[in-house]
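*Asks:* Just need the structure, nothing else, for what follows:
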Amino acid sequence: MSPEVLAVLRTGRCPLLTAVVQGYAVYLPEMLTPPPRTFLPPVEEQLHAVATVDAETVQTQFEAFLAGGSARRLSCPWLRENQLRAVDERVSTSIEAAGAELPQRLAGELHLLWSTVFARRWATFTAAFEEFIDRHSGVAAREGIAGALSTLHTTLAWQDNALEIASHHQGEVEGSHPITLIPTLHLGRVALHAPHHTDAAQIAVPLDLTSSPRPCIAPVLGDTRLRLLQDLGQPRTTTELAGLHYLSPSTVSFHLSRLLAAGLVEKHRDGRLVRYHRTTRARQLLHTTDHPR
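*Replies:* From the prediction side, this is the model:
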């Protein structure tokens with residue numbers, strides 16, 4: 001957990017979140033991290049998902065949270081005995097006192113945390129997420145899923161049809177259920193999240209914003225759109241751009257539509273083809289001249 005997040009939690013302005021993350025950190029109720037319906041969904045949409053969780057789900061997940069070790073022993077065999085403990089009475093009291101308002105209050109505290117810590121750097125964060133997806137989807141296209149998984153982090157490796165995580169914990173999770181990969185800027189290590197329902201396992205993979213220098217406009221555009229613009233010094237089709245960047249044509253079309261709306265690219269028809277090229281405004285933003293690739 002980042003120092004900025006800890007600082008906000010220590011102010012007492014987020015009492016329920018503080019109780020949850022400091023009560024039994026090995027298991028966090030999945031309702032706090034609802035699976036997104038789309039890539040990079042609006043923050044408001046995710047907060048709404050938290051606030052409207054049904055009562056049965058809240059009860060099931062927080063019973064598992066409050067039970068601590070007894071609820072996690074079977075699904076987290078790699079945990080050491082001293083980690084399999086129940087939350088203390090103060091945490092239980094704080095959570096139970098919220099009653100039926102628990103989802104709404106948690107959503108409100110998450111919004112406060114977001115606006116205080118994350119909002120001012122959100123463009124930088126989302127650009128990092130886009131770059132992560134683009135880079136590893138390119139590896140997957142060239143080397144397959146096994147190759148992409150092995151390059152996610154230095155502690156990950158694909159061996160004998162299984163994903164291995166280098167860790168001092170010993171254990172394994174069996175089955176063929178899907179795994180959601182979550183890029184994160186707030187962990188220094190890979191984290192395996194084995195939730196209450198085994199079909200929703202998650203692996204959090206840390207990102208490094210300092211790994212390579214990027215133009216100052218990258219946090220605004222995102223790395224994918226920046227690279228597309230840099231390749232539009234000469235007219236290109238969606239298919240050509242897709243091949244150059246190991247992206248699907250539909251993904252390229254999505255980014256081009258945003259660049260068109262921003263006045264950074266133009267398009268013209270050449271027979272049956274539609275070609276895109278960057279505008280004068282885009283060239284000024286990039287501080288570059290047109291050099292065909």
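*Asks:* Please enumerate the strands of this protein.
*Replies:* 156-159, 162-165, 179-184, 191-193, 201-206, 265-270, 273-278 (DSSP state E).
*Asks:* ok, of those, where does mean pLDDT dip lowest?
*Replies:* For these, mean pLDDT drops lowest on strand 191-193, to a mean of 74.
*Asks:* just checking, what packs against that strand?
*Replies:* strand 201-206 (3 or more CB pairs under 8 Å, 6 or more residues apart in numbering; DSSP states H and E). Bear in mind the C-beta positions are built from the backbone N, C-alpha and C, glycine included.
*Asks:* now do 10 Å
*Replies:* strand 162-165, strand 179-184, strand 201-206 (3 or more CB pairs under 10 Å, 6 or more residues apart in numbering; DSSP states H and E).
*Asks:* Would you mind finding the most buried of the ones you listed?
*Replies:* The highest average neighbour count among the helices and strands packed on strand 191-193, using mean count of other CB atoms under 10 Å, belongs to strand 201-206 at a mean of 18.
*Asks:* Please enumerate the helices of the protein.
*Replies:* 3-9, 15-23, 43-51, 55-67, 69-72, 89-98, 102-113, 122-150, 218-221, 223-230, 238-245, 249-261, 280-286 (DSSP state H).
*Asks:* List the buried residues of the fourth one.
*Replies:* Buried residues in helix 55-67, counting neighbours by 16 or more other CB atoms under 10 Å, are found at Val58, Thr60, Gln61, Phe62, Ala64, Phe65, Leu66.
*Asks:* Quick one: mean pLDDT over that helix.
*Replies:* 82.
*Asks:* that older thread, with distance to Arg37 added, can I get the buried residues of helix 55-67 in CSV?
*Replies:* Output for these, formatted as CSV (distance: CB to CB, whole Å):
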residue, distance to Arg37
Val58, 20
Thr60, 22
Gln61, 20
Phe62, 24
Ala64, 24
Phe65, 25
Leu66, 29
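*Asks:* Go through those residues and say which is closest to Phe254.
*Replies:* Among the buried residues of helix 55-67, Gln61 lies closest to Phe254 (CB to CB), at 34.1 Å.
*Asks:* ok, Val91 - how many residues close by?
*Replies:* Val91 has 19 neighbours, counted by other CB atoms under 10 Å.
*Asks:* Could you do the one 3 residues further on as well?
*Replies:* By the measure other CB under 10 Å, the count of residues near Ser94 is 16.
*Asks:* and if you look at the one 5 residues further on?
*Replies:* Under the neighbour criterion other CB under 10 Å, Gly99 is assigned a count of 8.
*Asks:* pLDDT weak spots in the chain?
*Replies:* Within the chain, the segments meeting pLDDT under 70 span 1, 22-27, 68-88, 169-177, 194-200, 208-220, 246, 287-293.
*Asks:* Spell out which residues make up each domain of it.
*Replies:* 3-121, 124-206, 218-286 (automatic domain parsing).
*Asks:* Nearest to Leu47, out of the strands of the chain?
*Replies:* Among the strands of the chain, if distance is taken as CB to CB, the winner is strand 179-184, at 17.3 Å.
*Asks:* name the helices or strands packed onto the closest one?
*Replies:* Using 3+ CB pairs under 10 Å, 6+ apart: strand 179-184 touches helix 122-150, strand 191-193, strand 201-206.
*Asks:* what's the angle from that strand to helix 122-150?
*Replies:* 140 degrees (axes from the mean of the first three to the mean of the last three CA atoms, to 10 degrees).
*Asks:* what's next to strand 179-184, contact-wise?
*Replies:* Strand 179-184 is contacted from outside by 33, 35-36, 125, 128-133, 136, 148-149, 152, 163, 173, 190-193, 195, 199-207, using CB atoms under 10 Å, 6 or more residues apart in numbering.
*Asks:* which ones are touching Leu106?
*Replies:* By CB under 10 Å, 6+ apart, the neighbours of Leu106 are 14, 16-17, 20, 29, 31-32, 47, 50-51, 53, 58, 95, 98.
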